[in-house]
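K.L.:
Sharing a model that was predicted from the sequence below.
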Amino acid sequence: MQITWLGHSGFRIEIEEAVLLVDPWLTGNPMFPVGREDEAVAGATHILLTHAHGDHASDAARLAKKLGIKVHCIHELSEWMEANQLAETVGFGKGGTLTLNGAKVTMVHAVHSASIDFTGKGLLPAGDAAGFMIAGEGHTIYLSGDTDIMADMAWMAEYHQPDIGILSCGGHYTMDMERAAWAARKWFNFRWVIPCHYRTFGLLAQDASVLKAGLPPGIEVIEPEVLDPIRI
């Protein structure tokens with residue numbers, strides 16, 4: 001398995017026979033280096049979106065057409081993209097599981113807003129925000145999406161038993177490092193934690209020192225570097 005940060009909340013996840021682009025915001029992303037898009041998206045098989053905000057979804061349709069692949073997202077956003085002929089999509093809902101080239105992807109709940117804000121026509125409703133449980137190669141990744149702490153994390157941890165956490169924890173728009181650490185130690189049994197939705201802008205956390213300090217021994221916090229693969 002290989003997990004590569006694309007900056008902000010974007011990831012390239014190579015698992016089983018799938019190459020998943022999750023929230024691949026590249027254009028205008030201050031963390032993503034200009035001129036390295038082809039490298040970042042080469043061989044991608046599927047795009048996953050946690051929600052419609054522009055810092056997650058604004059490149060999805062363009063990349064789907066460029067790569068000849070589909071966007072997988074919550075039903076309402078899927079319908080809107082199809083109706084506007086932006087991309088081929090697969091819509092599904094929370095609790096739904098897709099098998100993507102051997103990887104099992106389950107949509108789970110997240111607490112966040114989910115409007116479309118990249119149309120140039122104002123804000124439009126776009127279903128709901130979500131996270132994903134991505135299982136394969138003997139591991140399960142909990143990719144939280146933009147969220148705060150929520151009680152649903154308790155059953156999600158018990159049911160899916162993820163050993164890898166990719167957690168939005170930069171604060172201001174999502175839970176911060178302290179809150180993410182509290183949730184992780186209360187409910188989850190992670191072996192590895194990868195922070196995201198941080199460092200992009202000045203109002204977000206710039207490092208994961210608070211997250212590291214809040215987790216018990218035995219949990220490895222991996223601070224990702226853009227386009228530097230993490231191999232598990």
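P.N.:
Right, received. Where do you want to start? Numbers count the residues shown, from 1 in each chain.

K.L.:
Doesn't Leu211 belong to a helix?
P.N.:
Yes - according to DSSP: H, G, I helix; E, B strand; the rest coil, Leu211 belongs to a helix.

K.L.:
count of neighbours near it?
P.N.:
Residues near Leu211, counting by other C-beta atoms under 10 Å, number 24. For the C-beta atoms, the positions are set from N, CA and C on the backbone; glycine is no exception.

K.L.:
Not counting sequence-adjacent ones, nearest residue to it?
P.N.:
For Leu211, ignoring the flanking residues on the chain, the nearest one in space by C-beta to C-beta, 6 or more residues apart in numbering is Met177 at 4.1 Å.

K.L.:
Where does pLDDT dip in this structure?
P.N.:
Across the chain, the ranges flagged by pLDDT under 70 are 117-123.

K.L.:
how about 90 then?
P.N.:
54, 83-84, 113-127 (pLDDT under 90).

K.L.:
Buried residues, the helix or strand encompassing Ala40. List them.
P.N.:
Using DSSP states H and E, Ala40 falls within helix 37-41. Going by neighbour count (16 or more other C-beta atoms under 10 Å), the buried part of helix 37-41 is 37, 40-41.

K.L.:
helices or strands next to the lengthiest helix in the chain in the packing?
P.N.:
Criterion DSSP state H: the longest helix present in the chain is helix 177-187. Other elements packing on helix 177-187 under the criterion 3 or more C-beta pairs under 8 Å, 6 or more residues apart in numbering; DSSP states H and E are helix 152-160, strand 164-168, strand 192-196, helix 209-214.

K.L.:
The second one - contacts with which helices or strands?
P.N.:
Pointing back at strand 164-168 there. Short answer (3+ C-beta pairs under 8 Å, 6+ apart): strand 164-168 packs on strand 139-143, helix 177-187, strand 192-196.
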